[in-house]
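Peer 1: This is the structure alone, sequence omitted:
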């Protein structure tokens, strides 16, 4: 007789997907803020891609000025509440903290979360729109880069319209990061902050279908392409059309909106890939009640692209890792549902052009892994149709821009965020996309602002 499968109740599932890390309470925040040395030439500011004045926002927490603290954060980073949860702070601001040399760094991310959480709970609107300039800007995509661009342009007084294909704005932060790390309400509050500046966000509006790129270019004074990335690509191996094979991005989005697949309860899950999305797919599977979750990766731990804190989080959840393993084909049962993966062992050879070792199959090393569900997380596709709709120069889906102005091959179209992210150059982080959004806004402002007349 087989083991009975425990199907989680709605209440259990909702609890599993609640935010996993508690916020500081008032005393913890005060104690931590008072540890800060408030460095005059603070290296933590330099380490923050958006240049948040970290000592100032921490000092305001220590003095009880929580609105001022939240405003200090958000004026430099339009998605500062989300970044408090998802930024690799141990590599950025906290990694640069001078206290690393003596004790332990200030928990900057936790303090940032404390201040922005206060603003959210107290329904604060932190900014006002600038004086209207009579210029209209269209932004395609409402993720970190798009929201950041819209917020800066709203502050500068431009009439901004954001076009978002999905039913809710916020992009990656709303749809693509697991709710137990970033609850949807946090990113939607950031959206509200942007809308409070008079920015119009048109959801359920797909450029290329509901409105053409040509119309945007002819109607607006400037257009910003900030669409991020698309779905997970195909592995292009046998059996990929079997039931029980999930796209990690789509799986995370379902749970983000409170839809929890029951199929995972008591099952064996294999996740293909080892980036942050793969980790999210694995930890989501655990919370959906999977009995065993394995990550299969064709390289080694040293080459995985997931943040260290994500990796540790997955191990704490009981996720197993199988290094130097790649899927060769999926095998189904009589009902067309995946039941096994034929895998092959890999070896690393000479480095590729991006410096990463090249995995190659070890001949005759095939073996079978019993599975009930597969979650694919091998990166994301580019928005080729949309890029072609705008007729922009690109390199295999990476839109080419001027490095200073973010202007594309079309003199009215700018681009920012993952749509211009090139593999091997920098790191695709939400905070980096937010900074690019700011820089695009300033570039547009420099081009469109009226020249002073010399008397």
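Peer 2: Cool, the structure landed. Quantities reported herein were computed from a predicted structural model and do not represent experimental measurements. Numbers count the residues shown, from 1 in each chain.

Peer 1: ok, then the element right after the top strand by length along the chain?
Peer 2: Longest strand of the chain, by residue count under DSSP state E: strand 338-351. Using DSSP states H and E, the next helix or strand after strand 338-351 towards the C-terminus is strand 357-361.

Peer 1: between that next one and strand 338-351, how many degrees?
Peer 2: With axes from the mean of the first three to the mean of the last three Cα atoms, to 10 degrees applied, the angle from strand 357-361 to strand 338-351 works out at 130 degrees.

Peer 1: rewinding a little: what is the longest strand of the chain packed up against?
Peer 2: strand 325-332, strand 357-361, strand 367-370, strand 373-376 (3 or more Cβ pairs under 8 Å, 6 or more residues apart in numbering; DSSP states H and E). Yep, even glycine has a C-beta here, placed from its N, CA and C like the rest.

Peer 1: Go through it and flag the buried ones.
Peer 2: 338-346, 348 (16 or more other Cβ atoms under 10 Å).

Peer 1: Closest one of these to residue 140?
Peer 2: Looking at the buried residues of strand 338-351 and their distance to residue 140, the nearest is residue 338, at 36.3 Å (Cβ to Cβ).

Peer 1: ok, now which ones touch the closest one?
Peer 2: Residues in contact with residue 338 (Cβ atoms under 8 Å, 6 or more residues apart in numbering) are 239, 242-245, 330-332, 371-374.

Peer 1: Look at it and report its pLDDT.
Peer 2: pLDDT, residue 338: 97.

Peer 1: With residue 231 instead?
Peer 2: 88.

Peer 1: for it, phi and psi?
Peer 2: phi -80, psi 170 (degrees, to the nearest 10).

Peer 1: these two touch, right, it and residue 383?
Peer 2: No: counting by Cβ atoms under 8 Å, residue 383 is not a contact partner of residue 231; they are 10.2 Å apart.

Peer 1: The two: which has the busier surroundings?
Peer 2: The neighbour comparison of residue 231 against residue 383 (other Cβ atoms under 10 Å) goes to residue 383, with 24 against 13.

Peer 1: ok, and the closest non-adjacent residue to the more buried one?
Peer 2: Sequence neighbours aside, residue 227 is the residue nearest to residue 383 in space, at 5.1 Å (criterion: Cβ to Cβ, 6 or more residues apart in numbering).

Peer 1: which residues touch the one you found?
Peer 2: Applying Cβ under 8 Å, 6+ apart, we find residue 227 in contact with 140-141, 143, 146, 383, 386, 417, 419.

Peer 1: Give me the subset of the residues you listed that lies in strands.
Peer 2: Those of these lying in strands (DSSP E): residue 140.

Peer 1: circling back: please identify which of the buried residues of strand 338-351 is nearest to residue 284.
Peer 2: Nearest to residue 284 among the buried residues of strand 338-351: residue 338, at 17.8 Å, using Cβ to Cβ.

Peer 1: I'd like to know how far the closest one sits from residue 222.
Peer 2: 47 Å (Cβ to Cβ, to the nearest Å).

Peer 1: list the buried ones in stretch 303-315?
Peer 2: Residues of stretch 303-315 classed as buried: 303-307, 309-311, 313-314 (neighbour count, 16+ other Cβ under 10 Å).

Peer 1: What's the mean pLDDT across it?
Peer 2: Taken as a whole, stretch 303-315 has a mean pLDDT of 93.

Peer 1: for the helices and strands packed on strand 338-351, which one ends up most surrounded?
Peer 2: Most buried of the helices and strands packed on strand 338-351 by mean neighbour count (mean count of other Cβ atoms under 10 Å) is strand 373-376; its value is a mean of 26.

Peer 1: Run me through the strand neighbours of that strand, direction for each.
Peer 2: Strand 373-376 has the following sheet partners, assigned by DSSP bridges: strand 245-247 (parallel), strand 268-272 (parallel).

Peer 1: Just name the most buried of these.
Peer 2: strand 268-272 (a mean of 26).

Peer 1: how far does it sit from the chain's center?
Peer 2: On the basis of Cα atoms, centre = their mean, to the nearest Å, strand 268-272 sits 22 Å off its chain's mean C-alpha point.

Peer 1: Give me the residues contacting it.
Peer 2: Residues contacting strand 268-272 (Cβ under 8 Å, 6+ apart): 235, 248, 278, 281-282, 285, 290-296, 319, 327, 341, 369-378.

Peer 1: Skip ahead from it and say which helix or strand is next.
Peer 2: helix 276-287.

Peer 1: got the contact list for the next helix or strand after that next one?
Peer 2: Next in sequence after helix 276-287, counting helices and strands by DSSP H and E, comes strand 292-297. Contact partners of strand 292-297, identified using Cβ under 8 Å, 6+ apart, comprise 268-274, 278-279, 282, 285-286, 304, 314, 317-327, 341, 343, 369.

Peer 1: If we use 7 Å, what do you get?
Peer 2: By Cβ atoms under 7 Å, 6 or more residues apart in numbering, the residues outside strand 292-297 that reach it are 268-274, 278, 282, 285-286, 304, 319-323, 325, 327, 343.

Peer 1: That'll do, ta.
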